[in-house]
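Colleague: quick one, fold the following:
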Amino acid sequence: MPFFEAVRLAWSQIRVQKLKSFFTLLGVVIGVMFLIAVVSIVEGMSRYVEEDFAAKIIGKNTFSFRRRPDVNVGNVSEETWREYSRRPRIYEPDVAAARSALPPGTVSAVENMTFAYANSQYARPRQVQVIATEPDYFRIKSYNLTNGRLFSPQEAQLGTPVVIIGTEVASHFFRGLDPIGREIRIGGTSFNVIGLLEKQGNVFGFSLDRMVIGPYKSMLSRVTNPRGDIDALVVQAPTRELLDDAMESVREVMRGFRRLPPARPDNFALETSDAALSFFDELKGKLILFGTALPAIGLVVGAMVIMNIMLVAVAERTREIGIRKALGAKRRDILSQFLVESATLSVFGAAIGIGLGIALAKVVAAVSPLPASVAPWSIALALLVGAGVGIVAGMYPASRAARLDPIAALRQE
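Modeller: Residues are numbered from 1 along each chain as shown. Below you'll find the predicted structure:
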């Protein structure tokens, strides 16, 4: 029997027995629905980590030279934390030595960061993220302004009390007002607002719009780092290859600057997004593995239901099978008819499950901080799984139908 003729017969059977077909499909629908939803959420989290977390928190083609890693993933032992606390702090001579090793084409900026309360004459005090840095920081982080200007190299060198603020800071402290030219007070010092950052959004529920950024040599550094040390030197290279070269150059120079013998490990950290991304890749595999356990159970149940329904269909259509065999139908024709019918039924259920799974993922993304991104390969996989379930489930009933004796089948009432 031609394939498309078998599909047409399968569809006619589904239309004739709608209710039975629905209950037959239920297991496959549920299994595929949860499969698509789980994969979509995990894929969305993966893209979220790579594009938002890594790009916005750490930066693209960027590494930071700091006392200890800022992003710690996995289990960090107490001994490791003690080793971190014994490391020397970073001061301006360390930064100068590190910068001397940077190859041409790289840009860098110091970064001091903390949370502190700010206030203005228009609103109550509120905690904000305070960053004391240098002009190239905005280029490294790809921060753009919607209003105002950045502070100049001269203002950075002189420590002029000027700041650029995020949209959330502007809406709280200067609601309904143009914040440019107004003052915000942090740590007992008044700073003039000269720029407004474009909206940055959230990363894992943490707002990136609650920032106040000012010159490193201004009084903001007294707020962020009262000891006079520096949190990090952030370095960006135009390419990944140049980034690796810059990291190795900084490591070599800093080991010499701190007189570390070859046997001693680094007493500083050169941090990129790789650690966080590699950890998430491992976590992603585990999430998919455990997240597909429920869909797998649903698909097994769906396969059992399809097999039983197809056995019933074989019993109900015994005379039809006998007539077809008497008219010259071969075993492979009967076999292909029932296999295609079973596979068509299962693929139809998989298609419904795909639609429901996409909808479920969108609902989860809308009502929770979990992002969702539907991967095209997951849809193709779901259809293949649906077809596979149908073929496996229909194999025994189809084989049984193909082996029926035509004379005995014609006698069947």
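
Colleague: which strand runs longest in the protein?
Modeller: strand 107-120 (DSSP state E).

Colleague: buried stuff in the very next helix or strand once past that one?
Modeller: Sequence order places strand 123-133 as the next helix or strand after strand 107-120, per DSSP states H and E. By 16 or more other C-beta atoms under 10 Å, the buried positions in strand 123-133 come out as 128-133. From N, CA and C alone the C-beta is placed, and that goes for glycine too.

Colleague: strand 123-133 - what's its average pLDDT?
Modeller: Averaged across strand 123-133, the pLDDT comes to 94.

Colleague: mind listing the helices for the stretch 1-150 of the chain?
Modeller: 3-16, 18-48, 78-86, 92-100, 136-141 (DSSP state H, counting those that start in this stretch).

Colleague: what residues of the third one count as buried?
Modeller: Neighbour-count burial for helix 78-86, with 16+ other C-beta under 10 Å as criterion, is recorded at no position.

Colleague: got it, and the fourth one?
Modeller: Of the residues in helix 92-100, those buried by neighbour count under the rule 16+ other C-beta under 10 Å are 94-95, 97-99.

Colleague: closest one of those residues to Leu327?
Modeller: Leu327 lies nearest to Ala98 out of the buried residues of helix 92-100, by C-beta to C-beta, at 86.4 Å.

Colleague: my guess is the closest one contacts Met254. True?
Modeller: Yes. Shown here, Ala98 and Met254 form a contact pair, counting by C-beta atoms under 8 Å, at 6.0 Å.

Colleague: common neighbours of these two, please.
Modeller: Phe65 (C-beta atoms under 8 Å, 6 or more residues apart in numbering).

Colleague: could I get the helices of the stretch 1-150 of the chain as a markdown table with mean pLDDT and distance to Val392?
Modeller: Putting the helices of the stretch 1-150 of the chain into a markdown table (pLDDT from 0 to 100; distance: least, C-beta to C-beta, whole Å) gives the following:
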| stretch | mean pLDDT | distance to Val392 |
| --- | --- | --- |
| helix 3-16 | 66 | 16 |
| helix 18-48 | 77 | 12 |
| helix 78-86 | 86 | 50 |
| helix 92-100 | 95 | 61 |
| helix 136-141 | 91 | 52 |
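
Colleague: Lys60: which of the ones you listed is closest?
Modeller: Of all the helices of the stretch 1-150 of the chain, helix 136-141 sits nearest to Lys60, with 8.9 Å by C-beta to C-beta.

Colleague: return the distance of the closest one from the chain's centre.
Modeller: For helix 136-141, the distance from its own C-alpha centre to the chain's C-alpha centre is 24 Å (C-alpha atoms, centre = their mean, to the nearest Å).

Colleague: by contact count, what packs against that helix?
Modeller: strand 107-120, strand 232-236 (3 or more C-beta pairs under 8 Å, 6 or more residues apart in numbering; DSSP states H and E).

Colleague: for the longest one, buried residues please.
Modeller: Of the residues in strand 107-120, those buried by neighbour count under the rule 16+ other C-beta under 10 Å are 107-114, 118, 120.

Colleague: next: stretch 173-185.
Modeller: 173-174, 179-180, 182-184.

Colleague: of those, which pair is most distant in space?
Modeller: Phe173 and Ile180 (12.7 Å).

Colleague: show the pLDDT at Ala246.
Modeller: So, for Ala246, pLDDT stands at 92.

Colleague: any stretches of the stretch 101-250 of the chain with poor pLDDT?
Modeller: 203-205 (pLDDT under 70).

Colleague: which stretches of it form strands?
Modeller: With strands called from DSSP state E, counting those that start in this stretch, the stretch 101-250 of the chain shows them at 107-120, 123-133, 145-148, 162-165, 183-186, 189-197, 202-203, 206-207, 211-215, 232-236.

Colleague: burial count for Thr318?
Modeller: Using other C-beta atoms under 10 Å, Thr318 has 17 other residues around it.

Colleague: dihedrals phi and psi, it?
Modeller: Phi and psi for Thr318, reported as degrees, to the nearest 10, are phi -60, psi -40.

Colleague: from Ala326, how far off is it?
Modeller: Counting by C-beta to C-beta, to the nearest Å, the gap from Thr318 to Ala326 is 13 Å.

Colleague: same check on Val235?
Modeller: 82 Å.

Colleague: just the closest of the buried residues of strand 123-133 to Thr344, please.
Modeller: Nearest to Thr344 among these, with distances taken as C-beta to C-beta, is Gln129, at 56.9 Å.

Colleague: and the residue nearest to the closest one when sequence neighbours are not counted, what does it touch?
Modeller: Using C-beta to C-beta, 6 or more residues apart in numbering and skipping the chain neighbours, the partner closest in space to Gln129 is Met211 (4.9 Å). By C-beta under 8 Å, 6+ apart, Met211 lies in contact with 128-131, 165-166, 169, 197, 200.

Colleague: excluding its backbone neighbours, what's nearest Arg210?
Modeller: Glu168 (4.7 Å).

Colleague: quick one, what contacts the one you found?
Modeller: Here Glu168 is in contact with 207, 209-210 (C-beta under 8 Å, 6+ apart).

Colleague: make TSV from the residues you listed and add neighbour count to it.
Modeller: Compiled in TSV, those are given as follows (neighbours: other C-beta atoms under 10 Å):
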residue	neighbour count
Ser207	16
Asp209	19
Arg210	20
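
Colleague: so can I have JSON lines of those showing distance to Phe290?
Modeller: Converted to JSON lines, the contacts of Glu168 look like this (distance: C-beta to C-beta, whole Å):
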{"residue": "Ser207", "distance to Phe290": "31"}
{"residue": "Asp209", "distance to Phe290": "34"}
{"residue": "Arg210", "distance to Phe290": "35"}
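
Colleague: what are the phi and psi angles of the closest residue to Phe34 other than its chain neighbours?
Modeller: The shortest distance from Phe34 to any non-neighbouring residue, by C-beta to C-beta, 6+ apart, is to Pro295 (4.4 Å). Main-chain torsions, Pro295, degrees, to the nearest 10: phi -60, psi -40.

Colleague: please tell me how far Pro295 sits from Met310.
Modeller: Separation of Pro295 from Met310 (C-beta to C-beta): 22 Å.

Colleague: also Thr62?
Modeller: Taking C-beta to C-beta, one finds Thr62 at 58 Å from Met310.

Colleague: give me the more crowded residue out of these two.
Modeller: Between Thr62 and Met310, counting by other C-beta under 10 Å, Met310 is the more crowded of the two (25 against 21).
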